[in-house]
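Novice: Turn this into a structure:
(2 chains)
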Amino acid sequence: MSAIDAVARPAAAGRTAGRSRRWLAEAGVWAALGLALIISIGPGLYLVSLSLMDTPQIFAGRVLAWPVFPDNYPKAWVATRIGQLYWNSIYISTVSMLITVAISALAGYGLARIDFFGRRAIYAFILIGLTIPLQIALIPLFANLKTLGLLNTPFALIGPYTGFGLAFGTYIMKGFFEELPKELEEAARIDGASDFRIFWTVMLPLTRPALATIAIFLFLQNWNEFLFALTFITEESRRTLPTGIYSLISTEFYGNYPLLAAGLVLFSVPVLVLYFIFQQQFIEGLTAGAVKQ
Amino acid sequence: MGVGLFGAPGLAVGERPRSGRLLAYVRHEQARYGYLFILPTLGYFLIFVAFPLLFSFYLSFHDWNPLSDQRTFVGLANYAELLRSESFARSVVNTALFTAGVIGLTLVFSLLLALLLNQGLRGTGLFRGIFYSPVVTSFVATGLVWLWLLDPGYGVVNYALGLVGLPRPGWASDLAWALPTVILTFAWREVGYFTVVYLAGLQGIPESLKEAARIDGANVWHVFRHITLPLLLPTTLFVIVLGLIRATQISFGLIYVMTGGGPVGATNVIVLYLYQQAFEFFRMGYASAVAYVLFVLVFAATLVQFRLLGRRVEL
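Specialist: Presented below is the predicted three-dimensional model:
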């Protein structure tokens, strides 16, 4: 197949020698992968372990929690405002994701399947959004949100998240709509369906995988966003999880490692679960740009 | 490339529109629909992306403290100050070092991991999924965990280094080690991302090519050096472009959480400098000038790389 076979091949003259070399190569690959696995998820497991310790264990420099203190979790939930932060994060991430998916599906369809003047220019314009540093919009957005009195409202994040998610959404949707056979569309047109009807009942249902990819990708991105959240929301009870937890760490829970670790686990678990459920869609979204040059 | 109902000019070879009055009518109607479909996205994009871009440009020629709300035109003074500022120069150097360090580490390790995963061994699909998982977690979580792991006093890493008798650096709190620390942490997270990209690239290389080379007597190294690596060039360029964009744009959270730019500016990158000027010193006009310089730098670098990319892919 690849390197392993190639290693084995020159030795194929002596069967047993070949087999043992192959076995060695395979063992080497597994050893390297195992090492990578430890480095990759070790820190995560360490965090979980920290979240189950009591303070003496932490200062003794323990790696594994024993005995375990699972009540750090309910404590973290009650003592911190993490419940409120959770709700803020879910609300903001979901609403922005839904708006982005809906309108980028429309845009993707228009750009891929309808011929109108200026569509290539518009597409190029939107694609620029993929390379613009978020930070360049930070100050003007702050200024405008301040003028409009919208700082510290969910809209202060929903608006910009949607704006910056659209380039990605439109890019993926356009690519997907382009792949659909035009016979489908023609058949519906002959039956007298309108453009919107064709989009809604014929084409859109076929793009479900792409919709799922965008939805999951944007949700995770919104969930973890830090800079806008740090700048546009300064009232503690209105923060989202990343800045909310960071704020807890630097103020009232400074040094309370078990509680903070539990909070961080509670914060990370939903996205990890989502990721492992929708892994396929997620990785497709990621590699879309890499393979389709 | 895709094809609209009547074929997009220049895109669809051999898909010319059929003639006929009905079709012309439908086509006209269609164009109207086209604008309707694109309108919400375009409007949103104009408000939240394009307008800020212009407004930021306008602000960069002004002196503006949001507390006093006085905006005075200062011409190019912000840009002039920026060019003279030592701390800005330092943040540019730090950004360059950070980006180069992260991309260098990421390229080597993600290619290595992708090659291992591409050996066709059973169960490696699961590994791919696990290697990627740090990428979906927040910088607040990963930054803090690494900060704790790398704690100079209580940290597990220094404990382990002490056991084998190696020197124990002060990591994030040490002047010389702080930048390498954030580079390592950021690269640790990025490797998972680009392993997936490289794996997709590797799977696009036809097996028959390697097979042919092997029949001609090429060994593993030859196959890698003369077939795999050249054919991965588009993927590598993609990784560099994306790595550059990500290292400049999304590293803020990590550095903010781990070092806050310190100690004494050792990890102060452009984005952090911008944030401090705007929201700690309230110099919004000056910070806008910084934002614009950042934008031009990233855009120029991306453009150059896209040029390279475009040319290589056409080969």
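Novice: how far away is B:Val220 from B:Thr302?
Specialist: 35 Å (Cβ to Cβ, to the nearest Å). In short, each C-beta sits where N, CA and C put it, glycine included.
Novice: Spell out the secondary structure type for A:Phe253.
Specialist: Using DSSP: H, G, I helix; E, B strand; the rest coil, the three-state assignment for A:Phe253 comes out as coil.
Novice: Just want the phi and psi numbers for it.
Specialist: phi -110, psi 20 (degrees, to the nearest 10).
Novice: Would you enumerate the residues in contact with it?
Specialist: A:Ala79, A:Thr80, A:Leu259, A:Leu260, A:Gly263 (Cβ atoms under 8 Å, 6 or more residues apart in numbering or on different chains).
Novice: ditto for A:Glu236
Specialist: Residues in contact with A:Glu236 (Cβ under 8 Å, 6+ apart) are A:Arg81, A:Gly244, A:Ser247.
Novice: ok, now with 6 Å
Specialist: A:Glu236 makes contact with no residue, according to Cβ atoms under 6 Å, 6 or more residues apart in numbering or on different chains.
Novice: before we move on, what about the one 5 residues further on?
Specialist: If a contact means Cβ under 6 Å, 6+ apart, then A:Leu241 has A:Leu85, A:Ser89, A:Phe267 as its contacts.
Novice: got a list of what A:Ile58 touches?
Specialist: So A:Ile58 contacts A:Tyr257 (Cβ under 6 Å, 6+ apart).
Novice: Distance of B:Arg32 relative to A:Phe117?
Specialist: With distances taken as Cβ to Cβ, B:Arg32 is found 11 Å from A:Phe117.
Novice: can you check B:Thr259 too?
Specialist: Taking Cβ to Cβ as the measure, B:Thr259 and A:Phe117 are separated by 51 Å.
Novice: again, but for B:Leu107
Specialist: As judged by Cβ to Cβ, B:Leu107 and A:Phe117 stand 43 Å apart.
Novice: what about those two, which has more around it?
Specialist: Using other Cβ atoms under 10 Å in any protein chain shown as the criterion, B:Leu107 and A:Phe117 rank with B:Leu107 on top: 19 against 10.
Novice: Run a quick neighbour tally on the closest residue in space to that one that isn't next to it in sequence.
Specialist: Closest residue in space to B:Leu107, ignoring its immediate chain neighbours: B:Val239 at 6.3 Å, by Cβ to Cβ, 6 or more residues apart in numbering or on different chains. Using other Cβ under 10 Å, the number of residues around B:Val239 comes to 23.
Novice: so B:Val239 touches B:Phe194, yeah?
Specialist: Yes. Assessed by Cβ atoms under 6 Å, B:Val239 is found in contact with B:Phe194 at 5.1 Å.
Novice: So which residue is dead centre in the chain?
Specialist: Since no chain was named, I'll use chain A. Centroid check for chain A by Cα atoms, centre = their mean gives A:Leu220 as the closest residue, at 3.0 Å.
Novice: think we crossed wires, I meant chain B
Specialist: Central residue of chain B (Cα atoms, centre = their mean): B:Arg246, 1.9 Å from the mean position.
Novice: Leaving out sequence neighbours, find the closest residue to it.
Specialist: B:Glu190 (6.8 Å).
Novice: What is the helix or strand containing the one you found packed up against?
Specialist: Here B:Glu190 sits within helix B:178-203, counting by DSSP states H and E. Secondary-structure packing of helix B:178-203 (3 or more Cβ pairs under 6 Å, 6 or more residues apart in numbering or on different chains; DSSP states H and E): helix A:279-291, helix B:86-117, helix B:124-132, helix B:233-249, helix B:251-258.
Novice: Make sure A:Leu264 is indeed in a strand.
Specialist: No. Counting by three-state DSSP, A:Leu264 is not part of a strand but helix.
Novice: what's the helix or strand where A:Trp23 lies packed up against?
Specialist: Of the helices and strands defined by DSSP H and E, A:Trp23 is found in helix A:15-51. Packing contacts for helix A:15-51, counted by 3+ Cβ pairs under 6 Å, 6+ apart, involve helix A:3-8, helix A:257-277, helix B:86-117.
Novice: which stretches of the chain have low pLDDT?
Specialist: Assuming you mean chain A. A:1-17, A:285-293 (pLDDT under 70).
Novice: wrong one, I was asking about chain B
Specialist: Applying pLDDT under 70 to chain B picks out residues B:1-27, B:309-315.
Novice: Show me which residues of the stretch 51-200 of chain B are close to chain A?
Specialist: Counting by Cβ under 6 Å from any Cβ of the partner chain, the residues of the stretch 51-200 of chain B lying close to chain A are B:52, B:55-56, B:113, B:116, B:119-120, B:127, B:129, B:131, B:136-138, B:140-141, B:145, B:154, B:156, B:159, B:196-197, B:200.
Novice: My guess is B:Thr267 contacts B:Ala176. True?
Specialist: No. Contact criterion Cβ under 6 Å: B:Thr267 and B:Ala176 do not qualify, at 11.4 Å.
Novice: next one: phi and psi at B:Asn219?
Specialist: Per degrees, to the nearest 10, the backbone of B:Asn219 is at phi -90, psi -180.
Novice: Repeat that for B:Asn65.
Specialist: Backbone torsions for B:Asn65, taken as degrees, to the nearest 10, come to phi -110, psi 120.
Novice: Hmm, it is touching B:Phe282, no?
Specialist: Yes. Using Cβ under 6 Å, B:Asn65 is in contact with B:Phe282, at 4.8 Å.
Novice: Wondering if stretch B:35-49 reaches chain A at all.
Specialist: Yes. Using Cβ under 6 Å from any Cβ, stretch B:35-49 reaches chain A at B:Phe37, B:Ile38, B:Pro40, B:Thr41, B:Tyr44, B:Phe45, B:Phe48, B:Val49.
Novice: Neighbour count: B:Thr267 and B:Ala176, which is higher?
Specialist: A direct count of neighbours by other Cβ under 10 Å for B:Thr267 and B:Ala176 places B:Thr267 higher, at 27 against 10.
Novice: Could you pull up the residues touching the more buried one?
Specialist: Taking Cβ under 6 Å, 6+ apart, we find B:Thr267 in contact with B:Ala178, B:Leu179, B:Val182, B:Ile255, B:Thr259, B:Gly261.
Novice: Distance of the third one relative to chain A?
Specialist: Spelled out, it's B:Val182. Separation of B:Val182 from chain A (Cβ to the nearest Cβ, to the nearest Å) stands at 15 Å.
Novice: from memory the residue nearest to B:Arg246 sits against B:Val108, does it?
Specialist: No. If you go by Cβ under 6 Å, B:Glu190 and B:Val108 don't touch, sitting 11.7 Å apart.
Novice: Which strands and helices lie in contact with the helix or strand harbouring B:Ser288?
Specialist: Assigned by DSSP H and E, B:Ser288 falls within helix B:284-314. Secondary-structure packing of helix B:284-314 (3+ Cβ pairs under 6 Å, 6+ apart): helix A:138-147, helix B:51-59, strand B:62-65, helix B:77-84, helix B:233-249, helix B:270-279.
Novice: can you do 10 Å?
Specialist: Here helix B:284-314 touches helix A:138-147, helix B:51-59, strand B:62-65, strand B:70-73, helix B:77-84, helix B:86-117, helix B:233-249, helix B:270-279, going by 3 or more Cβ pairs under 10 Å, 6 or more residues apart in numbering or on different chains; DSSP states H and E.
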